[in-house]
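Visitor: Please find the sequence and the predicted model below.
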Amino acid sequence: MRIAAVQLAYDDTESLADRTDRVVSLVRAESGADLVVLPELWSAGGFSYREWPARSQDVSGSVVSALAGAARDARVWLHGGSIAEHPESGETGPEGKSLWNTSVLIAPDGSVTATYRKIHRFGFAGGEPKLMEAGEDVVVTDIAGVSAGLSTCYDLRFPELYRAQVDRGAKVFVVPAAWPEARVDAWSLLLRARAIEDQCFVIGCNTAGTHARTTMGGHSAVIAPTGEVLAEAGGDQEVLRIDIDPAAVDDFREAFPVLRDRRL
Ligand SMILES: NC(=O)CCC(=O)C(=O)O
């Protein structure tokens with residue numbers, strides 16, 4: 001399975017239309033990949049809280065439509081990072097808000113096959129908990145014949161979510177992020193921890209650049225179920241490309257059956 005993680009850099013000056021065009025070009029350029037992954041909230045701005053309402057959209061809106069076209073053109077599975085989702089239906093959550101941090105998975109034919117609403121909201125008293133609803137559903141879905149668990153950024157700090165995904169059959173975790181440079185060591189360590197404890201491949205796609213006065217950490221990485229770092233990006237925009245063999249998960253779990261020793 002050929003992975004391309006697009007570690008996008010952006011600042012505060014770019015319009016939504018320009019950024020979307022740029023991302024579409026980057027996805028189209030990865031036509032040899034099986035799975036292309038984008039970072040969390042790249043269209044709305046990971047820490048651009050004030051921009052979120054204006055840049056929020058339905059899953060059928062212009063951003064996901066542009067991504068669907070790019071996935072179709074490149075014939076790739078596309079994990080579109082996440083969008084600030086404002087459903088056209090007017091749906092509200094238990095706290096009365098109509099905004100979610102929602103990741104979107106698109107098949108090579110351009111159809112949206114799965115969405116995941118971020119469960120653990122980042123920002124303590126501000127940011128996501130103030131403006132967004134929390135997702136409620138664990139999502140494990142097929143990507144090119146492989147069972148993949150979806151999560152987003154701050155979720156990485158909550159190991160029970162990943163155990164729940166393993167219990168639903170996940171062999172790969174896909175984690176888009178907008179994780180700042182200030183805590184990037186924790187990002188790198190937690191990606192490896194989730195891989196080791198759950199014996200899964202982990203694909204972490206972070207953001208680069210500086211926006212909303214926050215410098216992003218980059219260091220997107222692909223980790224093997226052993227915890228080995230197979231590929232790791234630097235701090236700037238780049239595309240991380242690597243082939244993984246998801247069948248190795250079963251082999252490794254058989255050879256080192258730690259998950260069988262759980263005591264519930
Ligand atoms: N966007 C996020 O969820 C940021 C998470 C983060 O910075 C952290 O957990 O630290």
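Guide: The structure has been received and is ready for your questions.

Visitor: which residues of the stretch 1-150 of the chain fall in strands?
Guide: For the stretch 1-150 of the chain, the strands defined by DSSP state E, counting those that start in this stretch occupy 2-7, 35-37, 77-85, 100-106, 112-117, 139-143, 146-150.

Visitor: Return the set of buried residues in the first one.
Guide: Judged by neighbour count using 16 or more other Cβ atoms under 10 Å, the buried positions of strand 2-7 are 3-7. For glycine as for every other residue, the C-beta is placed from the backbone atoms N, C-alpha and C.

Visitor: ok, now which ones touch the spatially most central residue of the chain?
Guide: Centroid-nearest residue in the chain: residue 176, 2.3 Å away (criterion: Cα atoms, centre = their mean). Residue 176 makes contact with 37-40, 79, 81-82, 103, 152-153, 205 under the criterion Cβ atoms under 8 Å, 6 or more residues apart in numbering.

Visitor: The residues you listed also near the ligand: which ones?
Guide: Among the contacts of residue 176, proximity to the ligand is found for 40, 153 (Cβ under 6 Å from any ligand atom).

Visitor: Could you single out the nearest of the contacts of residue 176 to the ligand?
Guide: Nearest to the ligand among the contacts of residue 176 is residue 153, at 3.2 Å by Cβ to the nearest ligand atom.

Visitor: Need the nearest residue in space to that closest one, chain neighbours excluded.
Guide: residue 177 (4.0 Å; Cβ to Cβ, 6 or more residues apart in numbering).

Visitor: tell me the two of the buried residues of strand 2-7 that are most distant?
Guide: Greatest spacing in the buried residues of strand 2-7, by Cβ to Cβ: 3 and 7 (12.3 Å).

Visitor: Between the two, which contacts overlap?
Guide: Both residue 3 and residue 7 are contacted by residue 240, under the criterion Cβ under 8 Å, 6+ apart.
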